[in-house]
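>>> How does the following fold in three dimensions:
(chains A and B)
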Amino acid sequence: MHNQVIGKPISRVDGRAKVTGKAKYAAEFTAPDLLHGVVVSSTITKGRITHIDTGDALALDGVVKVFTHQNRPKLAWFDMSYKDLDAPPGSPFRPLHNDRIKYNGQPVALVVAETFEQARYAASLVKIEYAQEPHETDLQHHLDTARKPASGLASLLKPPPPKARGNFDKAFTEAPVQLSTGYVHGFEHHNPMELFSSTVVYGKDGKLTIYDKTQGAPNSQFYVSQVFNIPFRDVRVVSPYVGGGFGSGLRPQYQLFLAVMAARELKQSVRVSLTRQQMFTFGHRPATVQHIDLGAQPDGTLDALRHAATAETSRFEDYIEVVVNWSGALYKAPNAQFDYNVVPLDQYTPLDMRAPGGVTGMSAIECAMDELSYKLGMDPLELRLKNYTEEDPNEKRPFSSKQLRACYQQAAERFGWTKRSPEPRSMREGHTLIGWGMATGVWDANQLPARAEAVLTVNGKLRVSSATADIGTGTYTIMTQIAADTLGLPLEDVLFRLGDTDMPLAPFQGGSLTAGTVGSAVKIVCEDLGKELLKLARKMPNSPFAKAKFDDVFFVEKQMRLKADPSVRIDLQTLVDQNGGRAIRTTATSMTNSLKQGKYTRYAHSAVFVEVQVDEDLGTVKVTRAVTAVAAGRILNPKTARSQIIGGMVWGISKALEEETVMDHRYGRFMNHNLAEYHVPVCADIHELDVLFVEEHDDVVNPLGVKGVGEIGIVGMPAAIANAIFHATGKRVHELPITLDKLM
Amino acid sequence: MQTATLPTPVTQPRSAPPEPVGTGVRSFSLTINGAEYELNVAPWTTLLDALREYLDLTGTKKGCDHGQCGACTVLVDGKRINSCLTLAVMHEDHQITTIEGLADAQTGDLHPVQQAFIDHDAFQCGYCTPGQICSAVGMINEGRVKTDADIRELMSGNICRCGAYPHIVDAIRDVMQLNPTAQ
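Numbering: from 1, shown residues only, chains lettered A, B, ... in the order given. Predicted coordinates for the structure are as follows:
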């Protein structure tokens, strides 16, 4: 493959659509006689619905129907039918199933009307009476009920904690330097800017075309097909643009169920959009309590490491994350113990949220390492390097590639780390305390199988498609680049399409998987198309390619050429013309090389260095500059990749300083369920963010050598900020977010 | 013509069912991106919902419906406003500009802010982008910006959950030809 555009800072190919308002999101598709559904949410946390009065709502002109558990259609019986492709073990929540209330904000009715205004007003008139039961929502008050989570299919991508190694108790007791510490964080909600919406277009034959907000159209299709017992071919899910996901779109949300149910019952097209308040009534990052013990020699060598985490889940599903494994893979402590437990509570099931588990666990271990460095009187970076490992101690196998050492060095140099004065509170400007902190980031580089289709049209244009998603990550752009370079075409001759279940199957977009997973499928399907082109070339009279094999040719400047003699060349257009006036079409599946990949631990790494300014009197914190160096294999597009990392860093600032959904446990209800009180950074909160990509070659992770950059940007940030705050103030805060009240 | 009554908050007990109010519609016209549109909607329809639900101008986005996120920012007589916090019926005499009206209708050339957003990759998912761009155009019209810090402060009514802020500042600075080191 001749790289003309791969690795270049190409502007987003969907950029024009997004800056002109032409990019259409789920709630922006319409249909004749479209009805509007508005959801009524439970105001209690646990109990039963005793009475529903829909009379006032139904009396309004324009109101078509109010759906409740009392009049919903008969649906699939078994739990199995409600399990989407990302469902954790358990019994999935079924909207409007019966009179039981399982969590606060649960959908209890859907009001359908001719206009949105009518539906919204009518929804406010539905009167519901409840019989309340006592609820339990506070993780910290129910740690005694922690238990091992059930395991299921989800465990494939989420391995259980590593086995213990050595003798932790003995090594810790005997260690000359000991640290026991703990970290806590509360609930967080994804809050993509786009509200969850589904527009269900009811076809004449009862077939459904569903515009859904999802990170995986095939998952929504699967779910609808199972729950409503409709054949796959009669459910098409389309999702060309997604206004942010961050994990929230990995599972179908209840507006999809409600919109499909209403459309099928009323035999009419229906749209259901959630409100921002209702965006707080499904999956979230789980509140988690962690404990870490470290035992070290005076020179910093770690002898003993214990990392334990307890997270909340719902009463009905055991959601799990990988929290404690990272510390065991990052540091070679020979005596180590790991534990992970869940506490079921009266809440909705948690859901993967940007770097799920990774940013949780790494925030704790990287703060603990910082604490240890002060106990040792050792530079925090030096402590990391002292315990650096070239082999994964959890699995006792090598890394497919690990340029973390170069990340540390390059980021430290860019930041000016050597000028740091080690003592806390030793750097200040007047009333402003200045602190410098650092931390490490780690994330998986997994690959899954995926399918793609490539078509070379009679006009010599390349059309490639796969049912993947672009939630803002840049999928459209990098897939266009891969396809263009594989067949030697200019970008403007390539069109990549996604987000449609009529296209070849791909996994949902999550876990930094897409670049390597779908990218490999795109590369392979374009190579297969190239092989078809070679066949055509070989059949031509007196063809100079007559004896050429695929390895003997390459594609560049809209031509196929012989490697041995590049002057032997033929235009792709000429080859298409040989195909009897037909386009050339190929479909391919990229498989993972499990045998080879299984011999290695495959991670992306990062090193983060942060400067904070803390107002000594007011406790306000400003992240004035941050440098992240990332080793994530090959970078397909430094422009979109840089945006991913910067976005992750902004998320890290948010997690460290701003973001938390606060519950009033007396009511089991989130108090700040809106964007005014659920704080995320605004423009004024973000200052200098610097990104370095460290060169890294990896031919194990996937055929493209890419590791994905969706998560790695956030992972190290919160700990680096917390550590910088300690350096500035001398105060170690053990609970995120570090708001000013905790620093006063 | 029925008169509008506000819905009674459901948390307060009611004695009698409220009068049905769902159908009262008002007929009026709006001038949007230089074109006149006829509307027949309930008088409490927000400008945002009028654009999105009745005029198929879906470039303007709904992110919170409470004036907290800025995704619905449009220009009314050149000033940026949250279209979710105003009723459509209030804007009969105004010139409304949405994201669909910023590019040159004849040539298709993008507005300089639109082009700069592409060049600087000042967005990812694109959902807050129309609001960011309209807000930036409105902010430039206000004539108060001298420094990067001014941009950051005056663009803080528009949330970007993808975190594209540094690139948004780069894009606006580029259009305004500001010195990046100006204090």
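>>> measure A:Glu527 to chain B for me?
Taking C-beta to the nearest C-beta, to the nearest Å as the measure, A:Glu527 falls 29 Å from chain B. In this view, the C-beta of every residue, glycine as well, is placed from N, C-alpha and C.
>>> Just want the residue of chain B that's nearest chain A.
Across chain B, the shortest distance to chain A (C-beta to the nearest C-beta) belongs to B:Gly59, at 1.9 Å.
>>> count of residues packed around the closest residue to that residue other than its chain neighbours?
Distances taken as C-beta to C-beta, 6 or more residues apart in numbering or on different chains put A:Gly21 closest to B:Gly59, at 1.9 Å, once the chain neighbours are dropped. Other residues near A:Gly21 come to 25 when the count uses other C-beta atoms under 10 Å in any protein chain shown.
>>> thought A:Gly21 was touching B:Asp56?
No - between A:Gly21 and B:Asp56 there is no contact under C-beta atoms under 8 Å: 11.0 Å.
>>> on that earlier part again, the residue of chain B closest to chain A sits in which helix or strand?
B:Gly59 is part of no helix or strand when elements are defined by DSSP states H and E.
>>> Go ahead and confirm it touches B:Glu100.
Yes - using C-beta under 8 Å, B:Gly59 makes contact with B:Glu100 at a distance of 4.8 Å.
>>> what is in contact with these two at once?
In terms of C-beta atoms under 8 Å, 6 or more residues apart in numbering or on different chains, B:Gly59 and B:Glu100 are both contacted by the residues A:20-22.
>>> Output the longest helix belonging to chain A.
helix A:514-539 (DSSP state H).
>>> what's the offset of the helix or strand following that helix from the middle of its chain?
Downstream of helix A:514-539, the first helix or strand assigned by DSSP H and E is strand A:553-556. Chain-centre distance of strand A:553-556: 36 Å, with C-alpha atoms, centre = their mean, to the nearest Å.
>>> List the contacts of the helix or strand just after strand A:553-556.
Downstream of strand A:553-556, the first helix or strand assigned by DSSP H and E is strand A:559-562. Here strand A:559-562 makes contact (C-beta under 8 Å, 6+ apart) with A:488, A:530, A:533-534, A:537, A:544-545, A:548, A:552-555, A:567-572, A:575.
>>> re the thing from before, check contacts around the residue of chain B closest to chain A.
Here B:Gly59 is in contact with A:20-22, B:98-100, B:130 (criterion: C-beta under 8 Å, 6+ apart).
>>> Quick one: mark the members of those residues that sit in helices.
A:20, B:130.
>>> Can you tell me which of the contacts of B:Gly59 is nearest A:Leu345?
B:Pro130 (39.2 Å; C-beta to C-beta).
>>> what helix or strand is the nearest residue to A:Pro380 once chain neighbours are set aside on?
Setting aside the residues directly before and after it, A:Pro380 is nearest to A:Ser373 in space (C-beta to C-beta, 6+ apart), at 4.2 Å. For A:Ser373, the enclosing helix or strand under DSSP H and E is helix A:358-376.
>>> Report the buried residues of that helix.
Using 16 or more other C-beta atoms under 10 Å in any protein chain shown as the test for burial, helix A:358-376 gives A:358-374, A:376.
>>> Doesn't A:Ile646 lie inside a helix?
Yes - counting by DSSP: H, G, I helix; E, B strand; the rest coil, A:Ile646 is part of a helix.
>>> Tell me who's in contact with it.
A:689, A:691, A:713, B:163-164, B:166-167 are the contacts of A:Ile646 under C-beta under 8 Å, 6+ apart.
>>> Can you read off the pLDDT for it?
The model reports A:Ile646 with a pLDDT of 98.
>>> Okay then, goodbye and thanks.
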